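J.: sequence? don't have it. structure:
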């Protein structure tokens, strides 16, 4: 029974709509926007609604998912279950061995 309850709570939590206050707060976040590698091959678009889209080369939606920023650290959970993280240092995103610059 506890397992079913936990699943229902998790499903409810994951499907709750983002409030206008949360969207506005995230839209004003300094890390929202487009981040690209120096060669332009990898592009992370950090969206104000808590989602991100990663493009690789000509594949515009190679990865998509949600993210969470705590201080200068970002955690990514893509829609397939893959996880990754990164850190913003001096307005540069260091992510999985890559360096991305604000576009």
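T.: Received the coordinates, thanks. What you see is a predicted model, and the numbers here were worked out from it, not measured in a lab.
J.: and the residue nearest the centre of the chain, what helix or strand is that in?
T.: The structure's the chain has its C-alpha centroid closest to residue 67; by Cα atoms, centre = their mean the separation is 3.0 Å. Assignment of secondary structure by DSSP states H and E places residue 67 within strand 59-70.
J.: Which elements pack onto that strand?
T.: For strand 59-70, the elements it packs on are strand 51-56, strand 73-78, judged by 3 or more Cβ pairs under 8 Å, 6 or more residues apart in numbering; DSSP states H and E. The way it works is simple: take the backbone N, C-alpha and C, and place the C-beta from them, glycine included.
J.: For residue 30, find the nearest of these.
T.: Proximity to residue 30, assessed across those by Cβ to Cβ, is greatest for strand 73-78 (11.8 Å).
J.: And residue 43, how far from residue 77?
T.: Shown here: residue 43 relative to residue 77, a distance of 19 Å by Cβ to Cβ, to the nearest Å.
J.: which of those two has more neighbours?
T.: Comparing residue 43 with residue 77 by neighbour count (other Cβ atoms under 10 Å), the higher total belongs to residue 43, at 18 against 15.
J.: Show me what the more buried one is bridged to.
T.: residue 36, residue 55 (DSSP bridges).
J.: mind starting the numbering at 421 from now?
T.: Sure thing, new numbering starts at 421, so read that last one as residue 463.
J.: how about it, what does it touch?
T.: 454, 455, 456, 457, 474, 475, 476, 523 (Cβ atoms under 8 Å, 6 or more residues apart in numbering).
J.: just curious, which of the residues you listed is nearest to residue 507?
T.: Scanning the contacts of residue 463 for proximity to residue 507, where the rule is Cβ to Cβ, the winner is residue 455, at 12.3 Å.
J.: Spatially, which residue comes closest to the closest one, not counting chain neighbours?
T.: Closest residue to residue 455 in three dimensions, ignoring its sequence neighbours and counting by Cβ to Cβ, 6 or more residues apart in numbering: residue 520, at 3.9 Å.
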